[in-house]
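**Q** any chance you can model this:
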Amino acid sequence: MYVIAPNQTGTSPHGFADYGHSMIVDPWGTIVAAAGDGEAVITAELDATLLARVRSEMPCLGHARLLS
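**A** Numbering: from 1, shown residues only. I've put the predicted structure just below:
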């Protein structure tokens, strides 16, 4: 799956620093888009072919043992 990891930037209502660096990560953990430490909008094209290939290379659901 792709992971979209948003984060706040600036100072939180509780006075803590928020550092931004939101990112979009592909199924292998490669960062495909990232923001800096300020306000930003990031976008990325999600590759359905890559996702299908990763799912076929990691057939985790085939190992499930369902309880009856």
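**Q** every contact and neighbour count from this point should use C-alpha atoms.
**A** Will do.
**Q** could I get the full set of helices for the chain?
**A** Counting by DSSP state H, the chain has helices at residues 48-57.
**Q** would you list every one of the strands in the protein?
**A** Secondary structure of the chain (DSSP state E): strands at 3-5, 9-11, 17-19, 23-25, 31-34.
**Q** so what touches the fourth one?
**A** Strand 23-25 has contacts (C-alpha atoms under 8 Å, 6 or more residues apart in numbering) with 2-6, 31-35, 42-44.
**Q** quick one: strands adjacent to it?
**A** Looking at strand 23-25 with DSSP bridges, its partner strands are strand 3-5 (antiparallel), strand 31-34 (antiparallel).
**Q** tell me the most buried of those?
**A** Highest mean neighbour count among the strands paired with strand 23-25 (mean count of other C-alpha atoms under 10 Å): strand 31-34, with a mean of 16.
**Q** before we move on, the earlier item: redo the strands paired with strand 23-25 as JSON lines? Include mean pLDDT.
**A** Formatted as JSON lines, these follow (pLDDT from 0 to 100):
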{"stretch": "strand 3-5", "mean pLDDT": "96"}
{"stretch": "strand 31-34", "mean pLDDT": "97"}
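**Q** and of those strands, who's closest to M58?
**A** Judged by C-alpha to C-alpha, the one of the strands paired with strand 23-25 that comes nearest to M58 is strand 3-5, at 17.0 Å.
**Q** what about the closest one, distance to the chain center?
**A** Counting by C-alpha atoms, centre = their mean, to the nearest Å, strand 3-5 is centred 2 Å from the centre of its parent chain.
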